Each structure stands twice: as C-alpha cells, then as structure tokens.
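Undergrad: Predicted model follows, preceded by the sequence.
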Amino acid sequence: MVALLASRRRFSDLSEQEVLALAISSEEDDARIYGDYAAMVREEFPDTAKMFDGMAAEESAHRGRLIADYERRFGPHIPLIRREHVAGFYSRRPVWLVKNLGIDRIRAEIAKMEEDSANFYLEAAKRTSDAGTRRLLGDLALQERRHEELADRLEAKNLPADAKAEEDGKARRQFVLTWVQPGLAGLMDGSVSTLAPIFATAFATENSYTTLLVGLAAAVGAGISMGFTEAAHDDGVISGRGSPLKRGLASGVMTAVGGLGHALPYLIPDFWTATVFAGIVVFVELWAIAWIQNRYMETPFFRAVIQVVVGGALVLAAGILIGGS
C-alpha cells in the first residue's frame, strides 16, 4: 500500500499541462464507458441507450476541445497521465461490476460520473492562469452538471420521488463515502488481518496474557497505519469523499475495533475459555461485516459472505495451524 501511494502524484502537485493531459484521458475513458453502458442496455432500454450514446458523443467532443486548447498552449505532444496515476482522484467502477445490478444502479453510476467530472473541472479551473483554458474548463463543468441533471430526470421519470427523497439520497451517499466506506474497510482490515497473528500466538503459547499483548499491539498498530493511510491518500476535493480527517478517523478507529474484538477476550486468565469467547467474537464480526457490505455498499449478500466470512475463516485457520505447529 505504501509503495502504491508513493508512486502516485497529488492533484495539487500537477502542472497546468498535466492537468489538461489528465482531463483529456479522463474524457476518453468516460466516452468509452458510456458506449459500454449504451451497448449493455440497448435491447431492453432503447431510450436510455440513446441518451448514453449522446453523452458518449459529447464526451468525445469535450476531448476534442481539450486537445485543441492543449495544443494551443503546449504543442502536439500530450503526456500520458491517467486517473489511477493521481492520489485521491476519482475512479470509475468497472462496467462488469454494475451491469448485473439493474438499470437504476447504472443511472446512479452515470450521475456520480458527471458529478465527479464537474467537480474536477471546477477545481482545475481555479488552478489555471490562462483565461482561455479557465473559460473552457468552466464551460465543461457546466455541461457535466447538465448531464447529471439529465440522468437525474431520467431516473425520476422511471422512479418518481419527491425532492426530500432526492436530498436524503445525496446525504446518504455522502455519509457512506465519508464514514461507512472507510470505516468498513478499516473494520475488515482490522478483523481479518489480525486473526492470523493473534491466534498463531494463542496456540503457540497457550498463554492469555501474551496473546492479549500481541493482540493489542496488532490492533492499535493497524489502526494507526490505516488511519494515516486513508487520510493521506485522498484529500477529498476531487473524489467528493469528504474530509480526510473524518475518513482517517473512521478507518483508524474501526481498524482498531476490528482487531480488539478478538483480542480482549484474552483478558480472561483461563486460556481455553478466552479462546472460545474469541472464536465467538470472530464469528459475529465476520457476519456483521458481510451484513454491512450488503446493507450500505450494495454488495450481493452471497458475494459478501464469500469475501469476508470464507476469507476470514481461511486466515483464522492459517493462524491456528501456524501457531499449533
């Protein structure tokens, strides 16, 4: 994780030339994504497919305008810089992860794409010293907002909802991005990654006190590491994920909680009694994580069980086998 972060550039460190190059590659990627969505839904939802085709064409037109402005200022060579090269920059969910979740989820993904793009152009416009580029980026931000409104209207037409429901949906999405997503990632990391060292120590020593110390060290250390990593890798300006302090706090605290859950039973002096309680805690933790993934992250429950419960059970088994060998 540290090596991955170190290889990325911060958005605030990009030059104007690099920001324009990033915008060009992002528009190209988005045009292809819209084309994929259009092909995916064309047979069942032809009107929606036409809208996606139009949005793909507009993204291609945006790319053309950006290239023209880039060549005006910097010449014909455009350096390759993509979203994944920039720390904290918004990412796109792979199409194959969305296609089985229904047309409503696809419309929601489209709205989020346009919101991300509009935020990017507004931030980029603030950082340019050229009047023509600043005007172009501002115009593109407005057009991306219109795309978002179009996607919202299409969703409202098929799923009527009042303004309050729309506001609640946006508030819920922000809550998920700022608190639930980093907290869940921390809980998963703290619960699963500490299983092997804690239970390896437990079965190697059969000593509650030693196991408790190792568990506390693993949980607290993992919490500090995850908290700082979450806060440092994304300032939330472009991704819209909210305050890095809040996200770092959620991730760090939940990572520590995940590790402490099956370490604290070793406060019980009797080793085997403590181990039974720790095993019960692990069972509850893993199923709770699977439920949270299904409830807030819309992960299919069976997939969440495979990812978390089965994966955690394998890590637990590895720790027991290593400690007992």
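TA: Thanks, I have it.
Undergrad: Return the helix or strand in this structure with minimum mean pLDDT.
TA: Between all helices and strands in the chain, the lowest mean by mean pLDDT, DSSP states H and E belongs to helix 2-6, at a mean of 46.
Undergrad: which other residues reach whichever helix or strand comes after it?
TA: Beyond helix 2-6 in the direction of the C-terminus, DSSP states H and E gives the next helix or strand as strand 9-10. Strand 9-10 is touched from outside by 18, 85-88, 235, with contacts defined as CB atoms under 8 Å, 6 or more residues apart in numbering. Using the backbone N, CA and C atoms, a C-beta is placed for each residue, glycine as well.
Undergrad: Looking at the residues you listed, which is nearest residue 176?
TA: The nearest member of the contacts of strand 9-10 to residue 176, counting by CB to CB, is residue 88 at 17.5 Å.
Undergrad: In space, what's closest to that closest one - neighbours in sequence excluded?
TA: The spatially closest residue to residue 88, leaving aside those adjacent along the chain, is residue 234, at 3.3 Å (CB to CB, 6 or more residues apart in numbering).
Undergrad: Who are the contact partners of the one you found?
TA: Shown in contact with residue 234 (CB under 8 Å, 6+ apart): 87-88, 241, 244, 247.
Undergrad: now residue 224
TA: Counted by CB under 8 Å, 6+ apart, residue 224 has contacts residue 252.
Undergrad: which residues of the chain score low on pLDDT?
TA: Counting by pLDDT under 70, the ranges of the chain that qualify are 1-6, 97-104, 148-172, 239-240.
Undergrad: And the strands in it?
TA: For the chain, the strands identified by DSSP state E occupy 9-10, 86-87, in order along the chain.
Undergrad: what's the offset of the first one from the middle of its chain?
TA: For strand 9-10, the distance from its own C-alpha centre to the chain's C-alpha centre is 17 Å (CA atoms, centre = their mean, to the nearest Å).
Undergrad: Sheet-wise, list the partners of it with their directions.
TA: Partner strands for strand 9-10, per DSSP bridges, with pairing direction: strand 86-87 (parallel).
Undergrad: any residues touching stretch 189-196, and which ones?
TA: Looking at stretch 189-196 with CB under 8 Å, 6+ apart, the contacting residues turn out to be 215, 218-219, 222-223, 226, 254-263, 282, 285-286, 289, 308, 311-312, 315-316, 318-319, 322.
Undergrad: actually stretch 117-133, not the one I wrote
TA: Residues outside stretch 117-133 that contact it (CB under 8 Å, 6+ apart): 11, 16, 19-20, 23, 26, 30, 69, 72-73, 89-90, 134, 137-138, 140-142, 144-145, 148, 237-238, 240.
Undergrad: Would you mind listing which of the residues you listed are buried?
TA: Applying 16 or more other CB atoms under 10 Å to these, the neighbour count classes 11, 16, 19-20, 23, 26, 30, 69, 89-90, 137-138, 140-141, 144-145, 148, 237-238, 240 as buried.
Undergrad: Out of these, list just those in helices.
TA: Among those, the members falling in helices (DSSP state H) are 16, 19-20, 23, 26, 30, 69, 137-138, 140-141, 144-145, 148.
Undergrad: Between which two of those is the distance greatest?
TA: When those are compared pair by pair using CB to CB, the farthest-apart members prove to be 16 and 148, with a separation of 25.7 Å.
Undergrad: most remote residue from this structure's center?
TA: Most distant from the centre of the chain: residue 270, at 41.8 Å, with distances by CA atoms, centre = their mean.
Undergrad: list the contacts for the closest residue to that residue other than its chain neighbours?
TA: Closest residue to residue 270 in three dimensions, ignoring its sequence neighbours and counting by CB to CB, 6+ apart: residue 208, at 7.2 Å. Shown here is residue 208, whose contacts under the criterion CB under 8 Å, 6+ apart are 266-271, 274.
Undergrad: In PyMOL, how would I select just the buried ones from those?
TA: Selecting in PyMOL just the buried members of the contacts of residue 208, where the criterion is 16+ other CB under 10 Å, is done with this command:
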select buried, resi 266+268+271+274
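Undergrad: re earlier: may I see the contacts of residue 234 arranged in CSV, with neighbour count as well?
TA: Formatted as CSV, the entries for the contacts of residue 234 read as follows, by neighbours: other CB atoms under 10 Å:
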residue, neighbour count
87, 19
88, 19
241, 21
244, 19
247, 25
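Undergrad: Could you export these as JSON lines, including distance to residue 94?
TA: Rendered in JSON lines, the data for those read as follows (distance: CB to CB, whole Å):
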{"residue": "87", "distance to residue 94": "20"}
{"residue": "88", "distance to residue 94": "20"}
{"residue": "241", "distance to residue 94": "19"}
{"residue": "244", "distance to residue 94": "25"}
{"residue": "247", "distance to residue 94": "23"}
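Undergrad: picking that back up, and the furthest pair within the contacts of residue 208?
TA: 267 and 271 (11.8 Å).
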